[in-house]
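A.B. asks: kindly return the folded structure for what I paste below:
(chains A and B, ligands or ions: 1)
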Amino acid sequence: MIPAPFEYARAASLEEALSFLAEHGDEAKLLAGGHSLLPLMKLRLATPGVLVDIGRIEELQYVRDEGEAVAIGALTTHHDLSRNPLLRRQLPVVAHVAGQIGDPQVRHRGTIGGSLAHGDAASDLPAVVLALGGTLVALGPKGRREIPASEFHNGFLETALEPDEVLVEVRLGKSGGTGWGFEKLTKRAQDWAIVAAVAVQREDAPGGVGVGLVNMASVPIRAASVEAALADGASVAEAAELADADSDPGADINASVEYRRHVAKVLVRRALERALAGPAGGDGAAGAAGAAGGAGAASEGGSS
Amino acid sequence: MSILGNRVLRREDPKFLTVGGTYVGDLELPGALHVVFVRSPLAHGVIRSIDTDEARAAPGVVGVFTNADLGAGPMTPMGMVNQSMVRPLLAEGRVRYVGEPVAAVLAETHAAGVDAAELVAVDYEPLPVVVDPVTAAETGAPILFDDVGTNIAFELNFGEDPSFFDGCDVVVRQRILNQRVAPCPLEVRSAVAEMVDGRLRFHASTQAPHDVRSTLARYLGMEESAVHVVSPDVGGGFGAKGGVYAEEVVVAALARNLNRPVRWTETRSESMLGFGHGRAQMQDVAIGATSDGKIQAYRLNVLQDCGAYPDMGAVLPFLTRLMAPGVYAIPKVECSSRSVVTNTVPVTAYRGAGRPEATAAIERAIDCLAAELRLDPAEVRRRNYIATDAFPVTTAVGTEYDTGDYAMALERALEVAGYEELRAEQARRRSAVAPDLSSEGAGGGLAPRSKQLGIGLSSYVEITAPMGGGEFGAVEVKPDGKVVVRTGTSPHGQGHATAWSMLVADAMGVSLEDIEVVHGDTDVVPRGGGTMGSRSLQLGGVAVSQAAVEVVDRGRQLAADLLEAAPDDVVLDKTMGRFHVAGTPSISRTWAELGAASLDRDGQALQAEVDFEAPGPTFPFGTHVSVVEVDLDTGQVELVRHISVDDAGRVLNPLLFGGQVHGGIAQGAAQALFEEFRYDADGNPLTANLADYSFVSAAELPSYEWTYTETPTGKNALGVKGIGEAGTIGSTPAVQNAVCDALSHLGVRHVDMPATPVRVWEAVSAASSSVPAAAAAARSEPANATNGGA
Ligand SMILES: Cc1cc2nc3c(=O)[nH]c(=O)nc-3n(C[C@H](O)[C@H](O)[C@H](O)COP(=O)(O)OP(=O)(O)OC[C@H]3O[C@@H](n4cnc5c(N)ncnc54)[C@H](O)[C@@H]3O)c2cc1C
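C.D. replies: Residues are numbered from 1 along each chain as shown, chains lettered A, B, ... in the order given. Model prediction:
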């Protein structure tokens, strides 16, 4: 439980972080909240030569209203997302899901940027960003570029980021997430999802909804077949039957492949029902964010 | 008015809640070297060579040691067990489980030791692995100890009577897994060893310091008097800190051999692979009854997984057998067992140690029988309890129960639970066409049905202080009036400082604040059995209480001398804590005066030492009722209520009693729903950290509805039985029965523990595909499937 020896450099600014990355090249690894990276290092599964700590760069901790979009700084913690008034008003699904991650300690350290950049298929926020059709902003020596969420995760723990780039911002369109549902099946309250499904109403999507799945493939995925079926006029029940159509789940100690495929359908259906429920549906649902539910399937949703 | 029976707050807590405890890992020991173990990555293999050169040369390394360097051990199994299955302190020639220590690195810092441990090159030749105890027991299985030629370490074979079930209208059989669990105390294993004036001083995180003393002396080849064991605060043990681990002997051996202080604190990940596991039984039950539910015969065959080396785990079936018939009057009982070694972490005692397994088996068997006969499980229990007027009673396996009132505990628990209403609610949910959240959700297989309700019962009786024996207790009055209590028990959360103080305060009329309870130091307390098997109050508490009574007698004698009165005329005024001649309270002697006078007179302290020997163990009992909701679509189980009625004789302090029950229910429910230590077929652990091992948290548990009744025992003057393990014993089967009950109308007869979502969903799926009727229809029908009938 002691990492292999490494060097440590704390970046005081984004600029400094970029120059550390340029200096150390492949040897370097960014450290944000450390809640994915440090466990790997302690198990000596990751042995970076230089840790570039960006955890204290305040300029990357924000949630801003930018007219069409909400812009979230990559170093904003899950806790801050869950309590953010703008998100709770505009994109309550983000606040709610962030409030369901791990336990309070994890939520106070873990960041949205780290969650996306790590690219774990079992992470919750990447699926939400996918369902909302978000955009990720990276900054590197060649400047700033925008990557659609749908092109960001391209393999097991692999992303479109270059080693010398920093993920700086997540941009989410405001048209998403008025009606939403999130269904996370866990063994214990603090656990990662065995499977989770998120559904959001989106004006800009053909079927009017975006659906994301957690832990149903080697990367976070969108349930594109469900979305397409809804666009073609399928009922929620019919569409939910396609929940596993785009997936490739694995088996582990918590679930078989068959179970994951089955439960994805159940959860997608429940999430859709929540997301599409009438306006009376889930007033103040995001208010429950942070108040971790009991064991098992935390489900929440709402519409406004 | 006596303080006994009152809810006295724990005297231990202010320290823990403010400055915190002092655990072995907290001890300051300047210059101490750190031990880091090199552990086997293979479940079974021959060690071809161990190359320590590179590690020795690493910075900060003082030495790297293999078994031959130690001059200590090997560890031998308990008496009844195959004596050839010895365990070298560090693996020698062969490794038998993932995590087995192979070499020890001694370094100036922990970090240097971890780095160097990676440099120890061990050349292994893999051997075939056996993880499943059923396979291990078969001929042709990979053998762990070649010279033994079998994996069977211990056997209790009483034979099978071919006419055993003759005369039964129905016989129900079920194979039940009582899965392997990891005890997970908050404080992991830790040891500090140093030589002081030619003696070994060993700080241990243990439940039994005197046992550590004798065991270390034996394996190190030292005199017991040359070993001094101290147990400071201990952060939980749950039975698995009742013995001595190989790593601890290594730490002691290195300190002795090098004559330097040595310390070791394992990580949680190491703990999951080295600290003893619990339970791990495969049980085959068969229960035969008349058609009206009177049990005629019960057979329990146990296959015990010992792990790689037969430790306490090997003899758990002995305890299981003692309690096999549970609370029921069963004319014929057969219980045989085999304990086998497998390529897994050795199994040891864990909260209840063999007795929870007995209760789990019979309580599942009763529910299976009730389902077969379509009788209410409560009614089947009522018809079979040992009658209240039958005590003391000797069961068909020869265990003599002292006192009990099983029907009373059941009725009380059912009343608190509101059993009839629960059954009505269950029926409503089963017959209801479940409301669908959406308007468009009709049809299709995925409509969220309302959650099904399950109600589970468990009536238990257990044996506390099962190994018999006695305990040491001493009470001494100091010249300043303070009272020092020395006890051979070794509390690690139970609250003995509070409980023993109450006993002494009650007998002597001194205030709690003036009483100090000393334990866990073998130089101060001459002997002791420690704290395990729910033995402490009924042995150690009784010893202390007797010592206090003797001190009162001596105090009375002394006071009589000083007051020039006849002892019979001298009374102890407990409200004031002083003796006076009856009718003349103004002339008196306080405890402080007597403590000083005793020393003045002959240099002897005013004290009494008692070795209490109990005439036999005691048998606490009770009934638990558990209520779960099961989501049929996901298989998710939620424990929504847990009601317990526990009876452990006279209750000394309801707060401490409740604390034991409370934690016990959590651990018991956790086994039923969450916890299982798992391996793959190659013996690789799959649950070696607390992310993968579903250690329960408060978020998964409801507030319990617990209450107690008091049926005293005659086995000691206080009338007390043990309560340390009852909560665990009673709760596990209640929760498991509740899960099975929730699914019984679907034709599900049994779901093994833990009832995880996938396992429950698979049981539901299997039942609905084996019942020909449409799933929807089957779900509202009463149970119609039978399996395992005669
Ligand atoms: C006990 C536990 C439970 C958890 N439960 C959940 C859960 O239920 N749901 C869930 O979604 N997550 C869960 N997590 C993960 C948690 O959310 C992590 O915090 C998150 O996945 C990673 O964020 P971080 O800031 O800690 O990243 P770090 O661990 O610091 O970094 C992770 C990776 O991302 C890279 N990185 C970080 N920031 C950037 C950046 N701005 N630009 C480029 N690369 C970057 C790092 O180099 C590293 O490779 C859990 C974690 C723990 C320890």
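A.B. asks: give me the phi and psi for the most centrally placed residue in chain A.
C.D. replies: Nearest to the mean C-alpha position of chain A, by Cα atoms, centre = their mean, lies A:L125 at 1.4 Å. Per-residue torsions, A:L125: phi -60, psi -40 (degrees, to the nearest 10).
A.B. asks: surely it touches A:G99?
C.D. replies: No. Under the criterion of Cβ atoms under 8 Å, A:L125 makes no contact with A:G99, lying 11.2 Å away. C-betas here are computed from N, CA, C, even on glycine.
A.B. asks: could you name every residue contacting both of those two?
C.D. replies: A:H78 (Cβ atoms under 8 Å, 6 or more residues apart in numbering or on different chains).
A.B. asks: hmm, back to that, per-residue confidence for the residue nearest to the centre of chain A?
C.D. replies: pLDDT, A:L125: 98.
A.B. asks: dump the residue contacts of the residue lying closest to it once chain neighbours are set aside.
C.D. replies: Leaving aside its sequence neighbours, A:L125 sits nearest to A:S115 (Cβ to Cβ, 6 or more residues apart in numbering or on different chains; 4.7 Å). By Cβ under 8 Å, 6+ apart, the residues touching A:S115 are A:36, A:78, A:101, A:123-126.
A.B. asks: out of the residues you listed, list just those in helices.
C.D. replies: A:78, A:125-126 (DSSP state H).
A.B. asks: assign A:V128 to helix, strand or coil.
C.D. replies: Applying DSSP: H, G, I helix; E, B strand; the rest coil to A:V128 yields a three-state assignment of helix.
A.B. asks: is it correct that it is in contact with A:V211?
C.D. replies: No. A:V128 is beyond contact range of A:V211, at 10.7 Å (criterion: Cβ under 8 Å).
A.B. asks: export the ones in helices among the contacts of A:S115 to CSV and append columns for distance to B:L690.
C.D. replies: Formatted as CSV, the ones in helices among the contacts of A:S115 follow (distance: Cβ to Cβ, whole Å):
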residue, distance to B:L690
A:H78, 20
A:L125, 23
A:P126, 24
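A.B. asks: what subset of those is also close to the ligand?
C.D. replies: The subset of the ones in helices among the contacts of A:S115 within reach of the ligand, counting by Cβ under 6 Å from any ligand atom, consists of A:L125.
A.B. asks: shared neighbours, A:V128 and A:V211?
C.D. replies: A:198, A:200.
A.B. asks: can you give me the helices in the stretch 101-250 of chain A?
C.D. replies: Using DSSP state H, counting those that start in this stretch, the helices found in the stretch 101-250 of chain A span residues A:104-109, A:112-118, A:125-131, A:224-231, A:236-240.
A.B. asks: which residues touch the fourth one?
C.D. replies: The reference is to helix A:224-231. By Cβ under 8 Å, 6+ apart, helix A:224-231 touches A:205-211, A:236, A:238-240, A:242-243, A:245-246, A:268, A:272.
A.B. asks: phi first, then psi, for B:T139.
C.D. replies: Dihedral angles (degrees, to the nearest 10) for B:T139: phi -70, psi 150.
A.B. asks: er, B:D561 I mean
C.D. replies: phi -60, psi -50.
A.B. asks: measure it to B:G583 for me?
C.D. replies: With distances taken as Cβ to Cβ, to the nearest Å, B:D561 is found 19 Å from B:G583.
A.B. asks: give me the more crowded residue out of those two.
C.D. replies: B:D561 (15 against 7; other Cβ atoms under 10 Å in any protein chain shown).
A.B. asks: for that one, report the pLDDT, please.
C.D. replies: 96.
A.B. asks: domains in the chain, by residue range?
C.D. replies: Picking chain A for this. A:7-53, A:58-175, A:178-287 (automatic domain parsing).
A.B. asks: chain B, not that one
C.D. replies: Using automatic domain parsing, chain B is parsed into the domains B:31-127+B:194-236+B:241-265, B:405-457+B:619-778, B:470-613.
A.B. asks: these: which one's closest to A:L132?
C.D. replies: Evaluated over those, closeness to A:L132 peaks at domain B:405-457+B:619-778, with 22.3 Å, by Cβ to Cβ.
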